[in-house]
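Colleague: Fold the following.
(chains A and B)
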Amino acid sequence: MSHDAYDGQVAHSDDRAHDTHHVNYLAIFFVLCACTALSVIFDVVHLSKPITIVLVMSVAITKALCVMMFFMHLKFEGNWKFVLLAPTTILAIGLPLALFPDIGASYYTPTAPQVTSWAEEIRNDKDRHAEHAAGTGYSEAGQVE
Amino acid sequence: MSHTAKPTALRMGIPIPNSKLGLWLFLGTEIMFFTAFIGSYIVLRLGSKGWPTDTHDTHINVFLGGLNTFVLIVSSYLVVVSHEAMAQKNFSKARMYLLGTLILAFVFLGIKSIEYYGKISNDILPGHIAETSSQAIKKASRELEVVVRKRFAEYTSSGAIPTERPNDIVNLVIQIAALNTATRPENVSEATFKALQDSAPVDVALHSRWMDLHQHIVANVSLKKPATGPEYVAASAKLEPGEKLPELEYSEVTALLTEMKADKTYGTYVTHGVFEPHPVVYGNIFASIYFLMTGFHAIHVIVGMILFAVVLRQGSKLDGKWTDFVENSGLYWHFVDLVWIFLFPMLYII
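Modeller: Sure thing, here's the model as predicted:
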């Protein structure tokens, strides 16, 4: 399928020995299942909100690490993984931090109108009233035409 | 001095196939793509005191979310063993595992559809959710109006009431009320006309209930007091300066809707047409975020399915040349799983 040039050589994927690390994928799979069950248990058991958030996100990070390290083989890759992923990770963390002061601290109150739907409602009402007014011979100003 | 030794090949770049490097670069952009959503969600959530977390309000189904997480984990496992089988040149085994992954992707989307249906059938959609009591009252009235208009449309569309103004509800209700004494138009069958004559009093009564609510909303007066006509004028005249008639309350409207839904004649129409008018503060931004994140994730699932289908299409011709493709598709699929690993706790549990 692919003909990749790397390391100064042209390599065919058929010829290239694929990294076959001896990972017990089934064990990782069971760890991931157990972590998912833990997440649900933390939801069912009524703990305080901050504790639930910490526990559930810790489980999510554990699961993410398992997937990245073993299923995505990052544990066995060279240092290029840091070159590729470090900037992305920094920006990913930086984005919420940068947005927080302007938007996260306060952005709108619960009484803010649902502008689009209200505008549509008013427009429809006007159309219908206009039709009714035309039918009864009254203009919008209430004068007989 | 002779130079008989062969020069070593120039070693440049990253020691991985170009396709894999490209895929990882793509995944880098994908991380940023989902981080924009997840980061915005975190920020909006932190800025919204009273964010909806009750599953009664959000109609979030933790069980289905957990089940989908399990489905994706199993599919991720199958992809990784499929790649392993490809590396061992056991292509039939690899195909079998990939087929399992594809089936599980369908299962994931099926469960997601059930979840979406649950949201849509409860009107948990961006821009549709009332966030305050007054919005909830007006929303209920709008929905009731739609029910009335749908009922009235049966008279106009069948031709029982010939009119050039099918949206003029006041004109229609007068004609429907007089249907029992009206002459049947030639283009309407006798059975249809008779059925409409029978349902006319029910639909007029339904219109009357909605109109009464509508007038109380316009005047912002309690349902216990008159909101229009000479009685309203008389009640208003009795007020002292600065005094007001009691205002319309949310609990009155919910009681009215409960009563209307229990009505034996038009109750079914109201039940199917009017949602529970329960105000959910920040419900719209929640719904936007839910559908945006899970929707884009579902699109990624579909892309992954296409990649697997391309491999499976090779059938028995699948060989070692596809190993890189399977590896890269697998990396992409693990990323899809990775995104869900964070979406599940953030949207379903926290």
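Colleague: Check what pLDDT the residue nearest to the spatial centre of chain B gets.
Modeller: The centroid of chain B falls nearest to residue B:120 when counting by C-alpha atoms, centre = their mean (4.1 Å). Residue B:120 carries a pLDDT value of 93.
Colleague: try residue B:198
Modeller: Predicted confidence (pLDDT) for residue B:198: 93.
Colleague: Which stretches in chain A count as strands?
Modeller: A:3-6, A:9-12 (DSSP state E).
Colleague: mean confidence for the last one?
Modeller: To tie it back to what came earlier, the one meant is strand A:9-12. Strand A:9-12 comes out at a mean pLDDT of 42.
Colleague: tell me which parts of the stretch 201-350 of chain B are close to chain A?
Modeller: Proximity of the stretch 201-350 of chain B to chain A (C-beta under 8 Å from any C-beta of the partner chain) is limited to residues B:281-282, B:284, B:319-325, B:327, B:330-331, B:334-335, B:337-338, B:341-342, B:344-345, B:348-350. All C-beta spots, glycine's among them, are computed from the backbone N, C-alpha and C.
Colleague: of those, buried ones?
Modeller: Neighbour-count burial (16 or more other C-beta atoms under 10 Å in any protein chain shown) applied to these gives B:281-282, B:284, B:320, B:322-325, B:327, B:330-331, B:334-335, B:337-338, B:341-342, B:344-345, B:348-350.
Colleague: Now for the residue lying closest to residue B:129 once chain neighbours are set aside: which residues touch it?
Modeller: Leaving out its chain neighbours, the residue that sits closest to residue B:129 by C-beta to C-beta, 6 or more residues apart in numbering or on different chains is residue B:283, at 3.4 Å. When contacts are counted by C-beta atoms under 8 Å, 6 or more residues apart in numbering or on different chains, residue B:283 touches B:52, B:57, B:58, B:124, B:129, B:130, B:131.
Colleague: these two touch, right, the second one and residue B:279?
Modeller: Right, the one you point to is residue B:57. No: using C-beta atoms under 8 Å as the test, residue B:57 is too far from residue B:279 to be in contact (9.2 Å).
Colleague: Residue B:308 is in what secondary structure piece?
Modeller: Using DSSP states H and E, residue B:308 maps to helix B:283-312.
Colleague: buried ones in that helix?
Modeller: B:283-291, B:293-294, B:297-298, B:300-301, B:304-305, B:307-308, B:311.
Colleague: Please tell me how far residue A:27 sits from residue A:68.
Modeller: Using C-beta to C-beta, to the nearest Å, we find residue A:27 at a distance of 16 Å from residue A:68.
Colleague: Can you pick out the residue with more neighbours from the two?
Modeller: Shown here are residue A:27 and residue A:68; by other C-beta atoms under 10 Å in any protein chain shown, residue A:68 has more neighbours (17 against 11).
Colleague: tell me, how many neighbours does the residue nearest to that one when sequence neighbours are not counted end up with?
Modeller: Of all residues not flanking residue A:68 in the chain, residue A:74 sits nearest, at 5.0 Å (C-beta to C-beta, 6+ apart). Per other C-beta under 10 Å, the neighbour tally for residue A:74 reads 17.
Colleague: so what pLDDT did residue A:74 get?
Modeller: pLDDT for residue A:74: 89.
Colleague: Report the residue spans of chain A with pLDDT below the cut-off.
Modeller: Applying pLDDT under 70 to chain A picks out residues A:1-21, A:102-145.
Colleague: for chain B, what spans make up the helices?
Modeller: B:18-46, B:55-58, B:62-87, B:91-121, B:133-158, B:169-177, B:190-219, B:229-237, B:250-261, B:267-273, B:283-312, B:323-343 (DSSP state H).
Colleague: Please tell me how far the longest one is from the chain's geometric centre.
Modeller: Pointing back at helix B:91-121 there. Helix B:91-121 has its C-alpha centroid displaced from the chain centroid by 19 Å (C-alpha atoms, centre = their mean, to the nearest Å).
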